[in-house]
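Chemist: Could you work out the structure for the sequence below:
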Amino acid sequence: MKLFLFWAFACILVNFFCTFGESYDGDQSFWVGWVQQLIDGGFGNFKGNYPPLYVFWLWVVAQIHSIFGIAVGKTFFLKFICLWPVYFAHLFLVDWLCRIVGKFGAPRWKQHLMIGFVALNPAILLNGPIWGQVDLVPVVLAMLSIYCISRQGLIKWASMFFVLSVLTKFQMIMFLPVFGGLFLRHWRVSWKGLPFAALSVVIVLLPFFIGGNLVEMLGRAYVQTSSQYPYATFNAANLWMLLAGNVAPDNVPIWGIKEAGLGFLLKPSVLGRVLFVAVSIFVLVKSLLCKNIRTAYALCTLNAVAFFVVLPGMHERYLMYAIPAALCWSIWDMKRGGVACVFVSLVASLNVNIINTYKGYDVWMITSALGAVVLVAILLVVAFPGLPKKTVGVVSRLSLPSFVPYVVLSVILLVECSVLMFQLRPVVVPANEKNVLVTDLPVLRADQSYKKPMVNESVEGRFLTSGDRLYKNGLGTHAPSHMTYELPENADSLFIGAGIDDEVYDHGSAVFMIHLDGVNVWTSRVLQGRDRPTFVAIPVNGARKLELITDPDGDNNSDHTDWLNAYVRVR
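Modeler: Residues are numbered from 1 along each chain as shown. Below is the predicted model of the structure:
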């Protein structure tokens, strides 16, 4: 129990720390679009190519945004709340494997080594909390199905877990040869789970059926997605990266061989599928003869690795699916499974890290704080040598039930979610008949280097966000820019904010200037991406012309500048 408590809290902390890393920008755009679709029209309006089960959670995310009036954007809040299922899946994986390893009587140091690698696995962290993907959830369901079908008392739940895994991620069919073989091996009992599986399918698909979107959703998620990327490999470090090169067409024979004759078989789209089918048939046969669970997880690992290595059109993160299988294998067979797990985790981590490296301003700040904590801790240890032993003794005497980490995780999620919702509440211009929006004033000049100024949107047409806050009113520009407005005769004061839009993350920099009748009355410091916006109040009594100017301070790459909540108070 104490083994689980230690690594459970370590798992929770490292997941939150990694969440502050930058997510993959392109994939976050999908989350934004899909959540907005669910807000606008529910399940019947969902146009994404994602399987249905996780869409239920996206619907919850959509309701939270809608109820609390939070505009949907590529914010930390969206990433954080979309990852809730991943946090619980990772914690459950640690809990489950802790219970298993405790039955084997392995030395304490070996148990810590094995469970520590589950809690701190770099591939899981790079894929989930850093990248922002939810691949861990369906794989954990698939591994549960393998466990259940190998246990007489749990076999009736096996089909349900496997079906739910496929309803969460189409790629889980890679484990079908193993599950199918075990299902056939235990067919006298395993068929009893089919009603539970059928019921779960009905429940998951019912909202889409009611919304009139069932056929279209299934087509996008399970048919169209299989041919979405017609490449030999799409950033995946696999066989086709070696033989054909990245993003090479999958319908051209390798080595420059002509398509005529046997050259047809050397197309990645053909040869890759032939190789994977061959491995899957081998796995199916071995599963039919499988007599223990460690072999079952070894076969899961084998087929998941083959799925990534030989099939065309693979993504850089699809080796992630082999990680939970390899972790389960290593728990039951440390000698062989442990070695395989380390190497698979290494390759998966390197491949993901090439595309989405661990970086971000928040990570920088947290790491700085951790450095200071480490310094204080070392000082205490050196000054009081007996302190660590006493601390360990006090902690070891604590007796907490196993559900405590789940409660702690839930509380942390709810508190952090509440704080983020408070911070992200839309900022609007104070309602007052004497407040006139700058964007409603007559425009005398509108010049900028890239695209055109946008009213109440960023220069890329997204919500105005700066410093992780959303602003309903303002002007999205790109430095260098020069906007000139005609002030009303009874203008008294200008209230305005200036900042770099969050859509460029920690990139971009600019200087903001305000001129009245050609005279500079305010100049900001150099504002960087991720800086908090600066707000000023400036008297404009008697002025007739307001100029809002941004300077790129060097190159103008990613200099997306926002004038926020800009309004004039009239007398």
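
Chemist: Tell me the gap between the helix or strand of the chain with the lowest mean pLDDT and the middle of its chain.
Modeler: Ranked by mean pLDDT, DSSP states H and E, the helix or strand of the chain with the weakest confidence is helix 387-396, at a mean of 79. For helix 387-396, the separation from the chain centroid amounts to 37 Å (computed by C-alpha atoms, centre = their mean, to the nearest Å).

Chemist: Same question for the helix or strand just after that helix: list its buried residues.
Modeler: The helix or strand immediately downstream of helix 387-396 is helix 404-424, counting by DSSP states H and E. The neighbour-count check on helix 404-424 (16 or more other C-beta atoms under 10 Å) flags P405, Y406, V408, L409, L413, C417, L420, M421, L424 as buried. Where C-beta positions appear, they are placed from N, C-alpha and C, glycine not excepted.

Chemist: so what secondary structure elements neighbour helix 404-424?
Modeler: Helices and strands in packing contact with helix 404-424 are listed as helix 2-19, helix 76-82, helix 84-101, strand 469-471; criterion 3 or more C-beta pairs under 8 Å, 6 or more residues apart in numbering; DSSP states H and E.

Chemist: Residues in contact with that helix: which ones?
Modeler: 4-5, 8-9, 12, 16, 64, 68, 70, 75-77, 80-81, 84, 87-88, 91, 95, 468-470 (C-beta atoms under 8 Å, 6 or more residues apart in numbering).

Chemist: what are the phi and psi angles of the most centrally placed residue in the chain?
Modeler: By C-alpha atoms, centre = their mean, the mean C-alpha position of the chain lies nearest to G132, the distance being 0.9 Å. Phi and psi for G132, reported as degrees, to the nearest 10, are phi 100, psi 20.

Chemist: so it touches F76, yeah?
Modeler: No: no contact is recorded between G132 and F76 when judged using C-beta atoms under 8 Å, the distance being 10.3 Å.

Chemist: Do I have it right that G497 meets T534?
Modeler: Yes: counting by C-beta under 8 Å, T534 is a contact partner of G497 at 6.6 Å.

Chemist: Comparing these two, which shows the higher neighbour count?
Modeler: G497 (22 against 17; other C-beta atoms under 10 Å).

Chemist: Beta-bridge partners for that one, please?
Modeler: Beta bridges link G497 to F535, L564, judged by DSSP bridges.

Chemist: residues touching it, list them.
Modeler: Under the criterion of C-beta under 8 Å, 6+ apart, the neighbours of G497 are S466, Y471, G474, P533, T534, F535, V536, D562, W563, L564, N565, A566.

Chemist: Swap in 10 Å and give it another go.
Modeler: Taking C-beta atoms under 10 Å, 6 or more residues apart in numbering, we find G497 in contact with 427, 464, 466-467, 469, 471, 474, 512, 532-536, 562-566.

Chemist: And for P52?
Modeler: Going by C-beta under 10 Å, 6+ apart, P52 touches 43, 46, 167-168, 201, 204-208, 213-214, 217-218, 221-222.

Chemist: got any ranges where the chain has weak pLDDT?
Modeler: Scanning the chain for pLDDT under 70 picks out 1, 227.

Chemist: still on that earlier bit, any residues in contact with both of G132 and F76?
Modeler: T19, E22, S23.

Chemist: Any chance of JSON lines for these, columns distance to F117 and neighbour count?
Modeler: Conversion of those to JSON lines gives the following (distance: C-beta to C-beta, whole Å; neighbours: other C-beta atoms under 10 Å):
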{"residue": "T19", "distance to F117": "20", "neighbour count": "23"}
{"residue": "E22", "distance to F117": "25", "neighbour count": "21"}
{"residue": "S23", "distance to F117": "24", "neighbour count": "24"}
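
Chemist: quick one: which of the residues you listed is nearest to R99?
Modeler: T19 (26.5 Å; C-beta to C-beta).

Chemist: Could you report the distance from the closest one to G467?
Modeler: Distance from T19 to G467, counting by C-beta to C-beta, to the nearest Å: 18 Å.

Chemist: In CSV, list the C-alpha atoms belonging to stretch 154-168.
Modeler: What follows is stretch 154-168 as a C-alpha-only set of coordinates in CSV (Å, rounded to 0.1, in the frame of the first residue of the first chain):
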residue,chain,number,x,y,z
LEU,A,154,-13.4,-11.5,-14.6
ILE,A,155,-13.7,-12.9,-18.1
LYS,A,156,-17.3,-11.6,-18.6
TRP,A,157,-16.0,-8.0,-18.5
ALA,A,158,-13.2,-8.6,-21.0
SER,A,159,-15.2,-7.9,-24.2
MET,A,160,-16.7,-4.7,-22.8
PHE,A,161,-13.3,-3.3,-22.0
PHE,A,162,-11.9,-4.2,-25.4
VAL,A,163,-14.9,-2.7,-27.2
LEU,A,164,-14.6,0.5,-25.1
SER,A,165,-10.9,0.7,-26.1
VAL,A,166,-11.8,0.6,-29.8
LEU,A,167,-14.6,3.1,-29.2
THR,A,168,-12.0,5.4,-27.7
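
Chemist: you'd agree D492 is in a strand?
Modeler: Yes: the assignment for D492 (DSSP: H, G, I helix; E, B strand; the rest coil) places it in a strand.

Chemist: follow-up on the earlier one: please list only the buried members of the contacts of helix 404-424.
Modeler: Burial of the contacts of helix 404-424 was assessed by neighbour count (16+ other C-beta under 10 Å); the buried members are 4-5, 8-9, 12, 16, 64, 70, 75-77, 80-81, 84, 87-88, 91, 95, 468-470.

Chemist: Which member of the shared contacts of G132 and F76 is positioned nearest V118?
Modeler: T19 (18.4 Å).

Chemist: My guess is the closest one contacts L126. True?
Modeler: No: checked against C-beta atoms under 10 Å, the pair T19 and L126 is beyond contact range at 12.0 Å.

Chemist: How about S66, nearest residue that isn't a chain neighbour?
Modeler: In space, S66 comes closest to I39 once its chain neighbours are excluded; the distance is 5.0 Å by C-beta to C-beta, 6 or more residues apart in numbering.

Chemist: Hmm, V60 and the one you found touching each other?
Modeler: No: using C-beta under 10 Å, I39 is not in contact with V60, being 11.6 Å away.

Chemist: quick one: contacts for the residue nearest to S66?
Modeler: Contact criterion C-beta under 10 Å, 6+ apart gives N45, W59, V61, A62, Q63, H65, S66, V72 as the residues in contact with I39.

Chemist: What count of nearby residues applies to R445?
Modeler: 11.

Chemist: Against M483, how distant is it?
Modeler: Distance, R445 to M483, by C-beta to C-beta: 7 Å.

Chemist: Could you check how far P453 is from H560?
Modeler: In this structure, P453 and H560 are 12 Å apart, going by C-beta to C-beta.

Chemist: Pick out whichever of these two has more residues nearby.
Modeler: The residue with more neighbours, out of P453 and H560 and counting by other C-beta under 10 Å, is H560; that gives 27 against 21.
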